[in-house]
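In: curious how this folds, go ahead:
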Amino acid sequence: MKGWLKEPGATRAPRTPSDFAVRLETVTAVYGPSGTGGPAGGPGGRGGADGVVALREVSAGIPRGGFTAVMGPSGSGKSTFLHLAAGLERPAAGRVLLGDTDLSGLTETALTELRRDRIGFVFQAYNLIPALDVLDNITLPLRFAGRTADPGRLDRIASAVGIDALLERRPHELSGGQQQRVAIARALVTGPDVVFADEPTGALDTTTGAQVLRLLRGLVDTLGQTVVMVTHDPVAASYAHHVLFLADGRIVGELDAPTAETVAARMTHLGER
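Out: Prediction:
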């Protein structure tokens, strides 16, 4: 699939659609005339003549059970890529598939249900509810879905992210790193196909950020969870299995088994290819 570019001299076994948790097929996103309000050209719209093109015919696949980082300079389209892949916004053209589900064919209600049940979100701001304790914050998505939490699964998730001793505390009683671990547990509680993380360590110090990144990588390596992370930090990207580079709304390169040094070098030369 276009969007998984080979490094010079590298080999890659051919992939099939079933190998990907998420696929973008010739996706274009246009932010219409005011430059705000989400991509124009969704159902019934094409955007204004002065709309800003955020992504240009992007095709990419996110492998199942992998940790993929998305990088690019400011304005490259990386946040738009995440929002479209997660079903938060609709493209002006092309389509987005979660597994075999074409998101463009869903009503807003069905899309909301899909995001709730099959997608997890982790953001730079932890977005915890101050009045709820840790356990209630984690199980909030299940409440919205009218589902009952499985105690065994909750125990396993809390243990996996290292907060099993904190379940009765309120967010204000936690450090930033602990709050982000709660946010990760909340993202996992529905058993999502994919967890999307948008600058998840941006509000954390270096040591705490590294702990969160190791946690995300561990969820992939030990549990087979698929994780997609937007970041501007080469060190953060080095925790991923693959890095996808964007510039000017296009995919301009990819890197397997990244290191902070190889990612930083590639960022320096974005767009030259």
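In: C-alpha from now on. contacts and neighbour counts both.
Out: Will do.
In: ramachandran coordinates for the residue positioned nearest the centre of the chain?
Out: By C-alpha atoms, centre = their mean, the mean C-alpha position of the chain lies nearest to residue 196, the distance being 2.2 Å. Recorded main-chain torsions at residue 196 are phi -100, psi 130, according to degrees, to the nearest 10.
In: kindly report the same for the one 4 residues further on.
Out: Dihedral angles of residue 200 (phi, psi; degrees, to the nearest 10) stand at phi -70, psi -20.
In: kindly report the same for residue 93.
Out: The phi/psi pair for residue 93 (degrees, to the nearest 10) is phi -150, psi 160.
In: excluding covalently adjacent residues, which one is nearest to it?
Out: Of all residues not flanking residue 93 in the chain, residue 28 sits nearest, at 5.1 Å (C-alpha to C-alpha, 6 or more residues apart in numbering).
In: quick check: that neighbour is in a strand.
Out: Yes. Assessed by DSSP: H, G, I helix; E, B strand; the rest coil, residue 28 belongs to a strand.
In: from residue 91, how far out is it?
Out: With distances taken as C-alpha to C-alpha, to the nearest Å, residue 28 is found 6 Å from residue 91.
In: which one's more surrounded, those two?
Out: residue 91 (29 against 26; other C-alpha atoms under 10 Å).
In: distance of that one relative to residue 80?
Out: 9 Å.
In: residue 25 too?
Out: 15 Å.
In: neighbour count winner among the two?
Out: residue 80 (23 against 19).
In: between residue 91 and residue 80, what contacts are shared?
Out: With contacts taken as C-alpha atoms under 8 Å, 6 or more residues apart in numbering, residue 91 and residue 80 have residue 29 as neighbours in common.
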